[in-house]
Structure formats: C-alpha cells, structure tokens
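Can you look at this prediction? I've put the sequence above it.
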Amino acid sequence: MVTRNAEYKLHIPSQTDNLELIRNFVSGVAKKVGFGNEDINKIELALDEACTNVIEHAYRDLDKGDIDIAIKVDYQKFVILVTDKGKSFPFKELEIPDMKQYLAELRVGGLGVYLMKSLMDEVEYHSEPGVKNEVRMVKYFLNKD
C-alpha cells in the first residue's frame, strides 16, 4: 500500500556529482508513494533544476555549502523543500520567458525556474538573507481542478 503522511530527508554537499544521488532519492520516494513514471520524471527534472541553481548560483562564490532536501507526503500532495544557506536571488522579479524569442536568440540557460513552474503544480521561494533560502515545490496526487 502507498505510504502517506511521511517525511524523508537528505543532507548532502552541494556538488554537481551529487545530483544523481539527489535524483535517486526523490525518485525512490515518489515511486514508493505511488507516482507513475511521467510524474516521477517531472519531479526529478524540477528538483534537478532547483539543486543546480543552488550549486551554480547560491554557492557560486563560496568554498562549499550543503543542500537539504525534505520531502513531506500527505494524502493530497508531495512537497519538496530544497534549502540552502547561500546567496538569495530575486525569484519574484523573474519573468516567464518568451520561448519563441528565447529559441530565436539561441540562448542557453536561464530556464530553471520556468521549468520548475511548468513541471510542478506549485513553486514558491522564500529567503531569509544570511540565514537560508528555500524552494518549495508541490505535486498533487490528483489534478487540482
């Protein structure tokens, strides 16, 4: 039977070679609680983008840092919290890119938040500068219609 009302945690150094471990962790939990392959792939990609942003931006000028991943599951939703202690960024100021223009300009990068929002049902960012940054992503078990 599906395990719900549970919490799972991972504390890991923010290094790109740990992204596979992070993906395996989240996909294992997502499978355990009943998501199919399509949703698991979406969750993995969104989490990968969030963690890559932490590694490349939050900890860019710092020697090292850690990423905390918490997964909270209840009967309605799968919530992922990605927390770091690096530099914050202006999440609310980001605009949804014009994909035609983006592709026409052959741009590379800069789609992480857009992808997260496209793949997950909810994405929020909270920051306490100098204390912590947290991305909260939600995937509902049933569509929110």
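On my side now, so go ahead. Numbers count the residues shown, from 1 in each chain.

Only C-alpha atoms from now on, for both contacts and neighbour counts.
Noted.

in the helix ranked longest in the chain, what's buried?
Looking across the chain with DSSP state H, the single longest helix is helix 37-53. Neighbour-count burial for helix 37-53, with 16 or more other C-alpha atoms under 10 Å as criterion, is recorded at 39-53.

Also stretch 21-37?
So stretch 21-37, judged by 16+ other C-alpha under 10 Å, has buried residues 22, 23, 25, 26, 27, 29, 30, 33, 35.

just the CA coordinates of it, formatted as PDB?
Output in PDB follows, covering the C-alpha atoms of stretch 21-37 (Å, rounded to 0.1, in the frame of the first residue of the first chain):
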ATOM      1  CA  LEU A  21      22.100  10.800  -5.600                       C
ATOM      2  CA  ILE A  22      19.500  13.600  -5.100                       C
ATOM      3  CA  ARG A  23      17.500  12.400  -8.200                       C
ATOM      4  CA  ASN A  24      17.600   8.800  -7.000                       C
ATOM      5  CA  PHE A  25      16.500   9.800  -3.500                       C
ATOM      6  CA  VAL A  26      13.500  11.800  -4.700                       C
ATOM      7  CA  SER A  27      12.500   9.300  -7.400                       C
ATOM      8  CA  GLY A  28      12.600   6.500  -5.000                       C
ATOM      9  CA  VAL A  29      10.300   8.300  -2.600                       C
ATOM     10  CA  ALA A  30       8.000   9.400  -5.400                       C
ATOM     11  CA  LYS A  31       7.700   5.800  -6.700                       C
ATOM     12  CA  LYS A  32       7.100   4.500  -3.200                       C
ATOM     13  CA  VAL A  33       4.200   6.800  -2.700                       C
ATOM     14  CA  GLY A  34       2.500   5.900  -5.900                       C
ATOM     15  CA  PHE A  35       3.600   8.300  -8.700                       C
ATOM     16  CA  GLY A  36       3.900   6.900 -12.200                       C
ATOM     17  CA  ASN A  37       7.000   7.300 -14.400                       C
END
